[in-house]
Structure formats: structure tokens, C-alpha cells
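> below: sequence and its predicted model.
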Amino acid sequence: MNEIVDTSRVMQRSAKAGPPIPDGAPKLATDEQIAAPLPELPKLESKVFKLSVPIKKPDGGLITEIVCRLPTGMDLFEIGGLPSRTIWTNQGMTVEMDSPRLKAWLGRLADWDPPTLYRAPARDLRAMYEWLIGELNPAGN
């Protein structure tokens with residue numbers, strides 16, 4: 001009697017190698033693919049805020065604008081939430097600024113030192129807050 005011999009990839013594997021791999025399974029990356037250089041990441045856009053009143057630096061210079069980069073997912077994960085909080089009451093919903101988180105967001109996005117942040121005009125901080133809330137809205141809103 002003729003014996004049928006299966007020469008497929010599944011039957012050629014050693015019994016010690018584990019369960020059979022189906023023919024349509026995705027292939028693992030080769031060593032060359034793993035060692036290939038990563039593509040350059042795109043530069044994030046930034047937002048420039050002209051200050052309503054310049055901030056005097058300790059060296060006597062003036063800061064007239066603050067540049068904030070766009071927020072990323074890593075910023076959101078590490079800061080742990082939005083710069084605002086939603087409060088629900090019987091009368092409805094209100095949104096309030098969460099000052100400690102806003103300070104963390106602006107310190108991270110603008111790379112400010114705390115003394116500069118503390119001397120910034122409040123109306124300019126409010127403008128940055130409104131911009132940040134807009135950037136953190138769900139896509140399409």
C-alpha cells in the first residue's frame with residue numbers, strides 16, 4: 001500500500017518545537033528588520049502665545065512670548081488627566097480649571113521653570129488653558 005507523506009511546513013517541524021504553526025500565520029521579523037534604523041518622527045507643531053505683559057527674567061531680559069508644543073499621549077498618561085474637571089450637580093454640569101494639573105501641563109509643554117510660570121499674566125494663562133482644552137478635545141470636535 002502506498003503511504004501518503006505530508007511535506008507541509010506543519011509536518012516538518014520537530015515534535016519538540018511546540019504546537020504547529022498554521023501556514024497563514026504572520027512571519028516574525030528578521031534580525032535585519034529589527035536592527036534597521038527607525039524612521040524619523042515628525043516634528044510636533046507648536047503654539048506661540050504673545051504675552052500681554054512681558055515677564056522679567058532674573059538676568060534682566062524679558063520674555064515676550066511662550067511657545068507650547070502640542071500635547072502627546074505620553075503627556076496625558078504621565079500627568080494623569082485633563083487640566084479641567086467636570087462637576088455634576090442637580091442643576092447640571094460645570095467645567096472647572098484644575099490648577100495643579102494645568103500647572104503640570106504648561107510646565108511640560110512649554111518647558112517653563114516654576115518662577116516664570118508664577119509671574120505670567122493670569123489672562124495669558126487662561127488663553128493657554130483654553131487652547132489646551134481645545135487640543136485635548138476628541139478628534140473632530
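Structure received.

> show the average pLDDT along stretch 24-36.
The average pLDDT for stretch 24-36 rounds to 80.

> cool, stretch 118-132 as well?
93.

> now do the strands in this structure.
Ranges of strands in the chain, per DSSP state E, are 46-56, 62-69, 84-89, 92-97.

> so how far is the longest one from its chain's centroid?
Right, strand 46-56. Chain-centre distance of strand 46-56: 24 Å, with C-alpha atoms, centre = their mean, to the nearest Å.

> just the third one next, same as before
Relative to the centre of its chain, strand 84-89 is centred 24 Å away, using C-alpha atoms, centre = their mean.

> select the longest helix from this structure.
Assignment by DSSP state H gives helix 122-135 as the longest helix of the chain.

> packing partners of that helix?
Contacts defined by 3 or more C-beta pairs under 8 Å, 6 or more residues apart in numbering; DSSP states H and E place helix 122-135 against strand 46-56, strand 62-69, helix 99-109. In this view, the C-beta of every residue, glycine as well, is placed from N, C-alpha and C.

> between that helix and helix 99-109, how big is the angle?
80 degrees (axes from the mean of the first three to the mean of the last three C-alpha atoms, to 10 degrees).

> mind listing what's buried in helix 122-135?
Judged by neighbour count using 16 or more other C-beta atoms under 10 Å, the buried positions of helix 122-135 are Asp124, Leu125, Ala127, Met128, Tyr129, Leu132.

> now render those as JSON lines, adding distance to Pro26.
Formatted as JSON lines, the buried residues of helix 122-135 follow (distance: C-beta to C-beta, whole Å):
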{"residue": "Asp124", "distance to Pro26": "51"}
{"residue": "Leu125", "distance to Pro26": "49"}
{"residue": "Ala127", "distance to Pro26": "48"}
{"residue": "Met128", "distance to Pro26": "45"}
{"residue": "Tyr129", "distance to Pro26": "45"}
{"residue": "Leu132", "distance to Pro26": "40"}
